[in-house]
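K.L.:
I would like the atomic coordinates for the input below:
(2 chains)
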There are 2 protein chains.
Amino acid sequence: MNQINRVAIVGGTHGNEFTGAYLVKKFSQFPDLIAKLSFETVTLLANPKAFAVGRRYIEKDLNRCFLKQELQDPTLESYEELQAKSIQNTLAASAKKVDFILDLHSSTANMGLTIILVNNHPFNLKLAAYLNYINPLVRVYRCSFQSVEENPFLNVLCELGFAIEVGPVAQGILKSTLFQQTEKLVHEVLDYLERFNKDEIPSINETLVMYQHLSVVDYPKQEDGTIWAMIHPQLQDRDYQALNPGDPIFLTFNDETIVYQGESTIWPIFINEAAYYEKGIAMCLTQKLQINL
Amino acid sequence: MNQINRVAIVGGTHGNEFTGAYLVKKFSQFPDLIAKLSFETVTLLANPKAFAVGRRYIEKDLNRCFLKQELQDPTLESYEELQAKSIQNTLAASAKKVDFILDLHSSTANMGLTIILVNNHPFNLKLAAYLNYINPLVRVYRCSFQSVEENPFLNVLCELGFAIEVGPVAQGILKSTLFQQTEKLVHEVLDYLERFNKDEIPSINETLVMYQHLSVVDYPKQEDGTIWAMIHPQLQDRDYQALNPGDPIFLTFNDETIVYQGESTIWPIFINEAAYYEKGIAMCLTQKLQINL
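P.N.:
As a prediction, the model looks like this:
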């Protein structure tokens, strides 16, 4: 593998996820914080219009605009579709394309500090394992899309890198503790990349616990499409904890408990993420795997 | 004082505050839940367009549209200004005007279960004291506007009643525990009104602890108007707790702590409310008072 020459730290891909947006603003104001000897670090506020109005997006979710075929489609002209093409140009198509992308997100779900992998590149896996090793609160989630072609996330612009999803934090606010934890995690990533360039990668355990995406669960709904239940009190905030058949998952508006009817234990995440109500996702179900690196 | 004949339960005055909006939807679907023998209870989803898109408002904050002079101004025609006039007609101007309004709000701040009084009507004070007596977690806040004429809140349409502000909960989600606590509080209010009509008001303590609004504090800002600090970790979630001169309130983006420089103890609330970033409010400062009823 070649040296890493340019690294992008991206924030505000969703305009109401302030943690990443303000971290990027901080880093761009104080570039010394992210300056390394062996590579250049650039910052990008990915959806400035949505950030300015404090909304996830203006016309379309930017982090669903990076399908290869859509980036090449000149008829797609919504604000976010044009923004995605511009970001592709900046980060992936120019002579100064980056070698590593860190995309900073936040969630109303209790995601802690989550690394979202869009591929199984050994470098990404080893870095994720390292981050989990030095901070066991860091968890690793492998997202649902199996191939780059069907994955619409910004991170597909570069095979190295991943998204960081932190929570719980409401949309449109900064929670300082989570801001500081995210900032620390960014520095740990940059330090690792610097050590990689110097051929000083620390040696750690050879296994990684990864949460592999299985499926999504929608809210129970009425005939008119409105939701008919809430996340059950016993499931709220229990992201990454084992859910067994028979465990409560929803509480309906007429006070009935709906239980998980699967046949085996799963590990739900993104439980009660605000932005997923409109996507018909109450939670994502994952399988907990231990993989060898 | 006359009998209470009609009561309005209002939710979704802010479209992304789901607790109240879905409680109102639940009550309108199951009217038996709020049916009482001695009065009629009506429900109102106050800002249906904003609720449909999951935003606080479409053009203007609806809960700032109830200034008497603006309700009478035919030139004001934004969606929310028209909606405010329509709500005034429904709740306050018709032959079937209501005698009591409960307006359900939620906050990203740790507001617990807060009653927001817009006046000092003895009935409201006694009801608030009763609710605090049966559940000490209920707190009572007297808002900043001293006269009805300068108060733009929906609750000014009726001298009896108040807003309920619950939190912390992110915008655009339902947190079932808080939903249940709010529902219980609504039932306690309705039960009290029923007992008032039957002349069976319970006798309780003759004092009430009230948090009287003093002032608001804005975020430290840069020259371009962007915020330059976050709520300090030591202040986050400490709504209704005493803040003394010298206590940390902000953490700047260059990691400096800003302390409270007032001369006496105050009690901050609405700490880190998402909707108040655009209003230039990082928190509201209150004075803790014990008043005799």
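K.L.:
heading C-terminal from the one helix or strand residue A:24 maps to, find the next helix or strand.
P.N.:
Assessed by DSSP states H and E, residue A:24 sits inside helix A:18-29. Going down the chain from helix A:18-29, the next helix or strand is strand A:40-45, by DSSP H and E.
K.L.:
in that following strand, what's buried?
P.N.:
A:41-45 (16 or more other CB atoms under 10 Å in any protein chain shown). Glycine gets a C-beta too; all of them are placed from N, C-alpha and C.
K.L.:
what's the answer for stretch A:136-143, then?
P.N.:
By 16+ other CB under 10 Å, the buried positions in stretch A:136-143 come out as A:138-143.
K.L.:
my guess is residue A:83 contacts residue A:65. True?
P.N.:
Yes - taking CB atoms under 8 Å as the definition, residue A:83 is a contact partner of residue A:65 at 7.4 Å.
K.L.:
neighbour-wise, which of those two wins?
P.N.:
Using other CB atoms under 10 Å in any protein chain shown as the criterion, residue A:83 and residue A:65 rank with residue A:65 on top: 27 against 22.
K.L.:
OK, contacts around the residue lying closest to that one once chain neighbours are set aside?
P.N.:
Closest residue to residue A:65 apart from its sequence neighbours, by CB to CB, 6 or more residues apart in numbering or on different chains: residue A:84 at 3.7 Å. By CB atoms under 8 Å, 6 or more residues apart in numbering or on different chains, the contact list for residue A:84 reads A:62, A:65-66, A:70-71, A:154.
K.L.:
for the stretch 1-150 of chain A, list the residues in contact with chain B, please.
P.N.:
Listed as neighbours of chain B in the stretch 1-150 of chain A under the rule CB under 8 Å from any CB of the partner chain: A:22, A:25-26, A:29-30, A:54-55, A:108.
K.L.:
ranking those by neighbours, who comes first?
P.N.:
Ranking the residues of the stretch 1-150 of chain A next to chain B using other CB under 10 Å puts residue A:108 first, with 25 neighbours.
K.L.:
who's sitting farthest from the centroid in chain A?
P.N.:
residue A:254 (34.4 Å; CA atoms, centre = their mean).
K.L.:
what does the pLDDT read for that one?
P.N.:
Looking at residue A:254, its pLDDT stands at 93.
K.L.:
how about residue A:210?
P.N.:
Here the pLDDT value assigned to residue A:210 is 97.
K.L.:
got it, and the one 4 residues further on?
P.N.:
The model reports residue A:214 with a pLDDT of 96.
K.L.:
can you get me a residue count around it?
P.N.:
Neighbours of residue A:214 using other CB under 10 Å come to 14.
K.L.:
next secondary structure after the helix or strand encompassing it?
P.N.:
Per DSSP H and E, residue A:214 falls inside strand A:207-217. Proceeding N to C from strand A:207-217, the next assigned helix or strand is strand A:229-231, under DSSP H and E.
K.L.:
give the partner strands of that following strand in its sheet and their orientations.
P.N.:
Using DSSP bridges, the strands paired with strand A:229-231 are strand A:248-252 (antiparallel).
K.L.:
just checking, what packs against the following helix or strand past the strand it pairs with?
P.N.:
Using DSSP H and E, the helix or strand that follows strand A:248-252 towards the C-terminus is strand A:257-259. If you count contacts as 3 or more CB pairs under 8 Å, 6 or more residues apart in numbering or on different chains; DSSP states H and E, strand A:257-259 packs onto strand A:248-252.
K.L.:
and what about the closest residue to residue A:185 other than its chain neighbours, helix, strand or coil?
P.N.:
Nearest residue to residue A:185, sequence neighbours excluded (CB to CB, 6+ apart): residue A:113, at 5.7 Å. With DSSP: H, G, I helix; E, B strand; the rest coil as the basis, residue A:113 sits in strand.
K.L.:
returning to that earlier point: let me know the closest of the residues of the stretch 1-150 of chain A next to chain B to residue A:214.
P.N.:
residue A:108 (21.5 Å; CB to CB).
K.L.:
which residues does the nearest residue to the closest one once chain neighbours are set aside contact?
P.N.:
Spatial nearest neighbour of residue A:108, chain neighbours left out: residue B:170 (4.1 Å); criterion: CB to CB, 6+ apart. Counting by CB under 8 Å, 6+ apart, residue B:170 touches A:108, A:168-171, A:274, B:108, B:274.
K.L.:
for chain A, longest helix please?
P.N.:
Scanning chain A for the longest helix, with DSSP state H as the assignment, gives helix A:176-197.
K.L.:
now that one: buried residues?
P.N.:
Of the residues in helix A:176-197, A:176, A:178-179, A:181-183, A:185-186, A:188-190, A:192-194, A:196-197 count as buried by neighbour count, 16+ other CB under 10 Å.
K.L.:
any idea which of these is closest to residue A:6?
P.N.:
Nearest to residue A:6 out of the buried residues of helix A:176-197 is residue A:193 (CB to CB; 10.5 Å).
K.L.:
next, the residue nearest to residue A:78 when sequence neighbours are not counted: phi, psi?
P.N.:
Distance criterion CB to CB, 6+ apart; nearest residue to residue A:78, sequence neighbours excluded, is residue A:59 at 4.1 Å. Dihedral pair for residue A:59: phi -120, psi -30, per degrees, to the nearest 10.
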